[in-house]
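Novice: predicted model and sequence follow; I will ask about them next.
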There are 2 protein chains.
Amino acid sequence: MMYLKTKLNCVVELTSSEVACLSELQSQPFQIKRGTEIAHEGQIARRAFILQSGWASCYKYSRDGDRQIISFPLPGDFMGLGSILLRSSNYSFAALSDVVVSSLSVPCVMKLFEKFPRVAAAILWSASRDEAMVIEHLVNVGRRSAIERVAHCLLELRQRLRLVGLASESQFECPLTQYDLADSLGLSPIHVNRVLRYLREEGMLTIKSHTVNVHNLAGLIKLAGFDSAYLDQIVPEEVATPRAYCRAS
Amino acid sequence: MMYLKTKLNCVVELTSSEVACLSELQSQPFQIKRGTEIAHEGQIARRAFILQSGWASCYKYSRDGDRQIISFPLPGDFMGLGSILLRSSNYSFAALSDVVVSSLSVPCVMKLFEKFPRVAAAILWSASRDEAMVIEHLVNVGRRSAIERVAHCLLELRQRLRLVGLASESQFECPLTQYDLADSLGLSPIHVNRVLRYLREEGMLTIKSHTVNVHNLAGLIKLAGFDSAYLDQIVPEEVATPRAYCRAS
DNA sequence: CGTGGAGTTGACCAACCTCAAAACATGTGG
DNA sequence: CCACATGTTTTGAGGTTGGTCAACTCCACG
């Protein structure tokens, strides 16, 4: 609940009845163990999930069995939102660490749309931001070198974790293996390892026991060509200032 | 108008008042010349566009000036839908051929959400499908060989064109240059050329004077590992069968 | 005709992959 | 608390895919 409310609230200021509706429609949070697949590609999507704590991954397999990770949902993010209106899920997703999620059923989402158009707008906003991240990911994989990709990915994770209060200026927990990184960045795990060594030897960052330490933030940002604009949480006037198009409750 | 209506109509059956509202809120279609940039990355997005005829491209530049094409909007597709709720546009888009578009302003979209929740659902559906295409594109670039990428891309275009009646079984118009393909697939134009030669010599397809001729469809599908599920237009029961959650007009 | 964009080709090269093996963690059951 | 098993990181050697550079050709369009 907590996250869904704060997340959507940052888009449009929700009224108390809207907030009440959200908490009603959302399931009780429940735990999922590390490594569990939550939804599988091609399944009919009956629910969307909101990650309350822990890390997850969304991925697809290519025909020859190579995995491409689409995104790493972090606390506060939706999973499978894009699938609820399609016949079947686009992709699979799984828990990368022990995880707490809550869920919304498809009829619940439709009910939200019907009753609270501003919540609908907030959900579309959230979907738009997810799309922006996938797009940046595509640019990363399509047009950047291995070193840039790795640096860019870690900077994005740092920035997103900071937005939910889970990273300090120069350090954050990160359960990703080098295999996960490789599958996300379109590289081999061996090459990811070489890149991480390079970044370590250049004094940029180190990773030890699932903790990333950034030693030269400015250098990394320059190296990766990182611009965090696409992660902005700010919302345009016309969308955010509510009352103009708010129905009489 | 035509396209917006038929597109959204295939999601939820729109009532006549919903259709009327759509035509009212959509601008008159207007022409844009080939090569014109319609919106630029970072601009404030004041409108979303619906492509009525012709081809377009959505793209971003990486810091070192390499272009990554995100998608090729075809007739009936939205452009910039994901940007209207964000502060600024994610990406640029431009006309690849002479093009006819109509547009929706941001307040119009908000009005649609408020008045017609089912139209809102249909718009989110459309955004979900766009996201599914970007995701497949990411898998393509991240995990497939150059030959697979080119074949997959052309098969996707064929399939999408067929859905709007612009491709026959084995042939379609395609204004893309080899540079465009390269920037979409994360390859160099020279290598795209080599791949196209290979596909030609294998009897898979030929491209001549902006026309793609598929000579061995089954072979191409196998070669690319192409599965068109992500392009499906079918919508789940709960979303499509309307009256259940339809407000009293 | 002539000009510029697009397609084509060859030669060479580098970024990244694959295979193989060892060192290092981490967690589990005894 | 140890011993083993499993998963993860690290390193090396050699090979491929696809990139770069440079040139030439083929059009479409003025």
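Specialist: Thanks, I have the structure now.

Novice: tell me the contacts of A:G82?
Specialist: A:N90, A:A127, A:D130, B:A127, B:S128, B:E131, B:A132 (CB atoms under 8 Å, 6 or more residues apart in numbering or on different chains). C-beta: built from backbone N, CA, C; applies to glycine.

Novice: go again with 10 Å.
Specialist: By CB atoms under 10 Å, 6 or more residues apart in numbering or on different chains, the residues touching A:G82 are A:45, A:48, A:58, A:89-91, A:127, A:130-131, A:134, B:124-125, B:127-132, B:134-135.

Novice: what is the neighbour count of the nearest residue to A:R149 once chain neighbours are set aside?
Specialist: The shortest distance from A:R149 to any non-neighbouring residue, by CB to CB, 6 or more residues apart in numbering or on different chains, is to A:L185 (4.5 Å). Neighbourhood size, A:L185 [other CB atoms under 10 Å in any protein chain shown]: 24.

Novice: next: the one 5 residues further on.
Specialist: Counted with other CB under 10 Å, the burial measure for A:I190 works out to 10 neighbours.

Novice: sec struct for it, please.
Specialist: Here A:I190 takes the helix state, with states given by DSSP: H, G, I helix; E, B strand; the rest coil.

Novice: isn't the residue nearest to A:R149 right next to A:I70, touching?
Specialist: No: if you go by CB atoms under 10 Å, A:L185 and A:I70 don't touch, sitting 11.9 Å apart.

Novice: give me the common contacts of those two.
Specialist: Joint contacts of A:L185 and A:I70 (CB under 10 Å, 6+ apart) are A:H137, B:G142.

Novice: on that earlier part again, got the contact list for the residue nearest to A:R149?
Specialist: So A:L185 contacts A:68-69, A:137, A:140-141, A:144, A:146, A:148-150, A:152-153, A:191-192, A:195, B:142 (CB under 10 Å, 6+ apart).

Novice: which strands and helices sit next to the one helix or strand A:V212 maps to?
Specialist: Here A:V212 is covered by strand A:211-214, with elements defined by DSSP states H and E. The contact analysis (3 or more CB pairs under 10 Å, 6 or more residues apart in numbering or on different chains; DSSP states H and E) places strand A:211-214 against helix A:146-163, strand A:171-173, strand A:205-208.

Novice: near DNA strand D, anything from it?
Specialist: No: on the criterion CB under 7 Å from any atom of the strand, strand A:211-214 is out of touch with DNA strand D, staying 10.9 Å away.

Novice: what does that strand contact?
Specialist: A:154-155, A:157-158, A:161, A:167-176, A:199-200, A:204-207, A:220-221.

Novice: and that strand, what's buried?
Specialist: For strand A:211-214, the neighbour count (16 or more other CB atoms under 10 Å in any protein chain shown) marks A:V212, A:V214 as buried.

Novice: rounded mean pLDDT for it, please.
Specialist: Averaged across strand A:211-214, pLDDT comes to 96.

Novice: so A:L166 sits right up against A:P175, yeah?
Specialist: No: the criterion here is CB under 10 Å, and A:L166 misses it with A:P175 at 12.0 Å.

Novice: overlap of the contact sets of those two?
Specialist: Common contacts of A:L166 and A:P175 (CB under 10 Å, 6+ apart): A:W55.

Novice: and the pLDDT at A:P236?
Specialist: Reading off the model, A:P236 has pLDDT 60.

Novice: so for the residue of chain A found nearest DNA strand C, what's the nearest residue that isn't a sequence neighbour?
Specialist: Closest to DNA strand C within chain A is A:H191: 3.0 Å, counting by CB to the nearest atom of the strand. Distances taken as CB to CB, 6+ apart put A:A146 closest to A:H191, at 5.8 Å, once the chain neighbours are dropped.

Novice: roughly how far apart are the one you found and B:R67?
Specialist: According to CB to CB, to the nearest Å, A:A146 and B:R67 sit 20 Å apart.

Novice: all helices for chain A, in order.
Specialist: Per DSSP state H, chain A carries helices over the ranges A:2-9, A:16-25, A:106-115, A:117-143, A:146-163, A:178-185, A:189-201, A:217-224, A:237-240.

Novice: tell me the angle the fifth one makes with helix A:189-201.
Specialist: So that's helix A:146-163. 70 degrees (axes from the mean of the first three to the mean of the last three CA atoms, to 10 degrees).
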